[in-house]
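Visitor: the following block contains a protein sequence and its predicted model.
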2 protein chains.
Amino acid sequence: MGQPTIKDVAKLAGVSISTVSRVMNNSKPVSPEARQKVLDAIAKLDFKPNELARSLVMRRSNLVGVIVEDIGIEYMAQLIRGIEEIGRVYNYDILLQSSYGNEEALNNSIDFLSTKQVEGLIIITENLTNETLIKLRETRVPFILLDKYHAYKNLNTVKIDYSKEQYKLIKYLYDLGHENVLYIGNSEDNVLNNAKFAGYNQAADELNKENFVLKIDGLSSNDGYNIGKEAIKICKENNITAVTLMNDEMAIGFIDYCADNGIKVPDDLSVVGFGDSSIANIYRPNLTTVSIPYYDIGAIAIRALIKRIKHEEEILLDDWVIECTVVARESSK
Amino acid sequence: MGQPTIKDVAKLAGVSISTVSRVMNNSKPVSPEARQKVLDAIAKLDFKPNELARSLVMRRSNLVGVIVEDIGIEYMAQLIRGIEEIGRVYNYDILLQSSYGNEEALNNSIDFLSTKQVEGLIIITENLTNETLIKLRETRVPFILLDKYHAYKNLNTVKIDYSKEQYKLIKYLYDLGHENVLYIGNSEDNVLNNAKFAGYNQAADELNKENFVLKIDGLSSNDGYNIGKEAIKICKENNITAVTLMNDEMAIGFIDYCADNGIKVPDDLSVVGFGDSSIANIYRPNLTTVSIPYYDIGAIAIRALIKRIKHEEEILLDDWVIECTVVARESSK
DNA sequence: ATGAAAGCGCTAACAG
DNA sequence: CTGTTAGCGCTTTCAT
């Protein structure tokens, strides 16, 4: 036969299965003698309760589903770390699925996980349609959405005030003594882009600086490289000594362009990124950037989800805003 | 009430629960009329079977546990991608836990996952003691170990022939026309180090080249940088034109040293790494390195595990050796 | 303090 | 082809 069951323990201990259950869960008083006999039997058989059976009767699976767009994306992996580690503290385990940005896969995962009786869902994706959102609500499983943009209205989530963070970064540059700072951003009209842009403007306005803005299409290091020529021209014409780019990859591409064209970073020009990706402190010069505490975001998200599951005091009545930090490194001075 | 159950479907369809079960699983013939009634009822109620109950009676959870040392480590995340995506094809879902290199945590995870009735276990770690291994065997749950070293004896696993891969890389350098190649390796006496070293030696010997070896303690980019002075000295004294380092990080540190000391890579010196980490093709010069197909390793591992679970033909009777590829980029010529 | 019995939602003989 | 029944391993009344 296979694993020992509660029956085997009961038989060996010479008590009923109820008594065994009681000592396992400390749910009702049991006489010291009986308890000891049960404990001995459990040890002897190396008995481990079948959580499946327990979940079935208790209607609590202690499982949360996590659907991630792609675990290979660094920040998503960090998010999962936080979710996993804190979830474990509350005795919740993670059922992991990937959607690879495919809506059908995401929908399937939601269905699948709900048949597995997950008590809650955390969805980490940058692509979520309204239909999926509706479907999600229909499942009646508590859920939390995590992404880079946090653009969902009417949904409590854990988010970052990108506007404020960009403001802090720009302020840091002005405080360093730079008079003119160029903002190179993505031209798409989305929440993230607009928020960062607003942060830049706020900083410039508050300090009575002139606004210099360059908007481009991409977000990759190549895009950063390719905008180099135009950006440098603008810098020279306007006495600009610091440039900020939307993310670390773009910043690195841009610095590469500078290096190829005899412009020294940070001596001739300070350059900063955003996101504190793993390359930021390996690349030379080490990149000044904004560090986003993804681990903490994951941790807070799972904690909030569990509270919601347990119908405890709602810690996400409002959005939970996480503070980031400006990490000053070599690329700015 | 909560989710609809098979009973609700049966009642609504006017049949017995067995019939409902039969149409759901296509396990036995059902009359077209009955089937249609059941299907309608299922659709109407949006009924989804409770997999927990199903697992309990069928004794198949369709769950595999994955214990990872740290999901934040890039190659482990890639491994998980493969495991997850292929596991899903076979209808297996992943229960994820992290051990953070802590043996007690690992042991707890093994116990915990086995109470969740996982049908198999994949453990991704670089630290595994013999005691844990014994414990693992005692659980009687099929398992597969994945790590960077694959040093476990008497265990079928998915592995890389590091000796051969290093050989291929060195051969590539000789084929490029380099006469003398310096090998900078880690001095610790372990399977991985020895294998790579053997690969270097084999290539040098086969082609009648002289062996130049430098062994150091660390593995980080700083270590690569710090060995720079000594390594360059050796290169100059021996007319060495190519250097190979144990991993990409070290290689990058070493190239940084070269850059700081007026040595141009690849013009003055070719430098290669190992592993194809994500920085390898962002760093400038882009790094020539060996690409390890972690995704495939994960995919093969889960496939093998599932076969083992189903007692099908064993595809891991012998170790499964995965081929890597040399990725030639800018840092060598 | 303890055991018998019911039942969580489902599958799988068994009988018809 | 279909319904009845007996569990899977566990928790939880309900008696005693």
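Guide: Thanks, I have it.
Visitor: could you list the low-pLDDT ranges of the stretch 101-250 of chain A?
Guide: A:149-156 (pLDDT under 70).
Visitor: could you check how far the residue nearest the centre of chain A is from DNA strand C?
Guide: The centre of chain A sits closest to residue A:79, judged by C-alpha atoms, centre = their mean, with a distance of 3.6 Å. Using C-beta to the nearest atom of the strand, to the nearest Å, one gets 32 Å for the distance from residue A:79 to DNA strand C. Any C-beta I mention is one placed from the backbone N, CA and C, and that applies to glycine too.
Visitor: what strand or helix carries that residue?
Guide: Using DSSP states H and E, residue A:79 sits in helix A:74-89.
Visitor: and the helix or strand following that helix with strand B:93-98, angle?
Guide: On the C-terminal side of helix A:74-89, the nearest following helix or strand under DSSP H and E is strand A:93-98. Per axes from the mean of the first three to the mean of the last three C-alpha atoms, to 10 degrees, the angle that strand A:93-98 makes with strand B:93-98 is 120 degrees.
Visitor: helices of the stretch 51-200 of chain A, start to end?
Guide: With DSSP state H, counting those that start in this stretch as the criterion, the stretch 51-200 of chain A has helices at A:51-58, A:74-89, A:103-115, A:130-139, A:162-175, A:191-206.
Visitor: alongside DNA strand C, which residues does chain A contribute?
Guide: Residues of chain A lying near DNA strand C by C-beta under 7 Å from any atom of the strand: A:14-19, A:22, A:28-31, A:33-35, A:53, A:56-57, A:59.
Visitor: now list the buried members of the residues you listed.
Guide: When those are checked for burial by 16 or more other C-beta atoms under 10 Å in any protein chain shown, the buried set is A:15, A:19, A:22, A:30, A:34-35, A:53, A:56.
Visitor: a markdown table for those, including secondary structure, distance to residue B:158 and pLDDT?
Guide: Written out in a markdown table, the entries for those read as follows (DSSP: H, G, I helix; E, B strand; the rest coil; distance: C-beta to C-beta, whole Å; pLDDT from 0 to 100):
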| residue | secondary structure | distance to residue B:158 | pLDDT |
| --- | --- | --- | --- |
| A:15 | coil | 47 | 96 |
| A:19 | helix | 47 | 97 |
| A:22 | helix | 45 | 97 |
| A:30 | coil | 48 | 94 |
| A:34 | helix | 49 | 94 |
| A:35 | helix | 46 | 96 |
| A:53 | helix | 34 | 97 |
| A:56 | helix | 35 | 97 |
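Visitor: from these, which is closest to residue A:129?
Guide: Using C-beta to C-beta, residue A:56 is the member of these that lies nearest residue A:129, at 33.7 Å.
Visitor: not counting sequence-adjacent ones, nearest residue to that closest one?
Guide: residue B:52 (5.0 Å; C-beta to C-beta, 6 or more residues apart in numbering or on different chains).
Visitor: now residue A:71
Guide: The shortest distance from residue A:71 to any non-neighbouring residue, by C-beta to C-beta, 6+ apart, is to residue B:77 (5.2 Å).
Visitor: OK, contacts around the one you found?
Guide: A:71-72, A:77, B:71 (C-beta atoms under 8 Å, 6 or more residues apart in numbering or on different chains).
Visitor: what separation is there between it and residue A:212?
Guide: Residue B:77 sits at a distance of 38 Å from residue A:212 (criterion: C-beta to C-beta, to the nearest Å).
Visitor: equivalent analysis for residue A:170, please.
Guide: 11 Å.
Visitor: what do these two both touch?
Guide: By the contact definition C-beta under 8 Å, 6+ apart, residue A:170 and residue A:212 are jointly contacted by A:181, A:183.
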